[in-house]
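Asker: Have a look; sequence and predicted model below, questions after that.
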Protein chains: 2
Amino acid sequence: MSTKKLSKKERQEKFLKIIEQDPFITDEELSELFNVSVQTIRLDRLALNIPELRERVKEVAKANYKKVRTIGETEIVGELIDLELNKRGISILETDSIMVFKKTKIVRGHYIFAMAESLAMAVIDADVALTGVANIKYRVPVLAGQKLVAKAEVTKIRGNKYFVHVKIAVKDEQVFRGKFILVSI
Amino acid sequence: MSTKKLSKKERQEKFLKIIEQDPFITDEELSELFNVSVQTIRLDRLALNIPELRERVKEVAKANYKKVRTIGETEIVGELIDLELNKRGISILETDSIMVFKKTKIVRGHYIFAMAESLAMAVIDADVALTGVANIKYRVPVLAGQKLVAKAEVTKIRGNKYFVHVKIAVKDEQVFRGKFILVSI
DNA sequence: GTTGAAGTTAGTACCAGGTTCTAATATTAA
DNA sequence: TTAATATTAGAACCTGGTACTAACTTCAAC
């Protein structure tokens, strides 16, 4: 309830910021905030092409629901396209802008790591596996939008220890390599 | 629209799974799916304590709104609680159930890796840094709910290369250690 | 000061996806 | 067959809107 009234322009500029910052705000709350009628808020939303509360909430929910399912819940980061158990496997991952550092647009290392690690896990024929040791090297920065191709190869199996090499490339350029020792439990 | 009718019990068991898998489904769609009336669906929701569609969507949105800000957008995974640039840093991360493998409830390696890597990056006094090489070891599995404390130490600086050791512990038990070589650009 | 356009407010009818309640009808088990 | 359980139906109400019409305020320009 800011007491002084802003001009239409000022209000609409602030509007955008507020909505971005808090998509969960109702028209009524906004009308109190700006000290204008609900109808004015709705005209503003119309002018600024901002969907109603419920649609905004749904957008946030859906956008993030996907994300949880890619780096959170699914058992593999990237898409498995070939697999020969205990021998080799290939997965691909389309990088996008949510994976990057804002400043540099370079894909954050842990996405690449997650891709490699989960492929290494998929490729070994064990019910449950844990990464024991990993030795990795990033060679070239990856930019948003580039398609990563990961190839994993099982090099040695000793008891419940699996030695897996993973190489990730963009086109023909290797951007990452890592050696993993996985332990099945 | 499964043609055969299930018993109340069977229906309610399936109900839970469906809602978990797709929180965006309306009562009407559910009623068609189960071949019962909308009222029955509502009684089921009441019995199972499942909130209405809009509340479910809001929950997903809110839960993930936070998460995007931790593993998606912010530059550091975990909470930075102490920092001496170019020397050392400490961060903490409360693990939760979305970070785990479903089967084992063990925290997925890349969360731990992301925590370590981002702390290593935070601790060096460079505008932008990339991980060049990392040498890591997971020692003990981490379970959901455990609080991770990461300590990073800069051991050497040579030109634009920074050598950082990161140790992560749960209480007094070390669960992870890693050596990172970061390159500033 | 008057006028006209832009900006704001008010009100009505309607919608989805519900809640809460009462009451009637089906199904099933004893 | 009957009692209990499960299911369906319907009415009134709710939130947070859309879409539309109409009126009222401001304020700048003449």
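Answerer: Nice, I can see it.
Asker: domain ranges for chain A?
Answerer: Per the record's domain assignment (automatic domain parsing), chain A is made up of the domains A:8-64, A:74-184.
Asker: between the ones you listed, which one is nearest to DNA strand D?
Answerer: For the domains of chain A, the distance to DNA strand D is smallest for domain A:8-64, at 3.0 Å, taking Cβ to the nearest atom of the strand. For glycine as for every other residue, the C-beta is placed from the backbone atoms N, C-alpha and C.
Asker: deepest of the domains of chain A, which one?
Answerer: Sort those by mean neighbour count, taking mean count of other Cβ atoms under 10 Å in any protein chain shown, and domain A:74-184 sits at the top with a mean of 18.
Asker: now it, how far from the centre of its chain.
Answerer: Centroid displacement of domain A:74-184 relative to its chain, using Cα atoms, centre = their mean, to the nearest Å, is 16 Å.
Asker: which secondary structure element contains A:T155?
Answerer: strand A:147-158 (DSSP states H and E).
Asker: quick check, that strand touching chain B?
Answerer: No - against chain B, strand A:147-158 shows no contacts by Cβ under 8 Å from any Cβ of the partner chain, the least distance being 13.6 Å.
Asker: Alpha carbons of the next helix-or-strand element following that strand, in CSV - could you do that?
Answerer: Counting by DSSP H and E, the next helix or strand C-terminal to strand A:147-158 is strand A:161-170. C-alpha atoms of strand A:161-170 as CSV (Å, rounded to 0.1, in the frame of the first residue of the first chain):
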residue,chain,number,x,y,z
LYS,A,161,34.5,-52.6,-8.3
TYR,A,162,33.9,-51.4,-11.8
PHE,A,163,36.3,-49.2,-13.6
VAL,A,164,34.6,-47.0,-16.2
HIS,A,165,36.0,-44.4,-18.6
VAL,A,166,33.7,-41.7,-19.8
LYS,A,167,34.4,-39.3,-22.6
ILE,A,168,32.1,-36.5,-23.6
ALA,A,169,32.4,-34.7,-26.9
VAL,A,170,30.7,-31.8,-28.7
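Asker: residues from chain A in reach of DNA strand D?
Answerer: Proximity of chain A to DNA strand D (Cβ under 7 Å from any atom of the strand) is limited to residues A:T26, A:D27, A:E28, A:Q39, A:R42, A:R45, A:P51, A:E52, A:L53, A:R54.
Asker: Let me see the ranges of the helices in chain A.
Answerer: A:8-21, A:27-34, A:38-48, A:53-67, A:109-123 (DSSP state H).
Asker: where does chain A have its least confident helix or strand?
Answerer: Within chain A, no helix or strand scores below strand A:129-138, which has a mean of 73 by mean pLDDT, DSSP states H and E.
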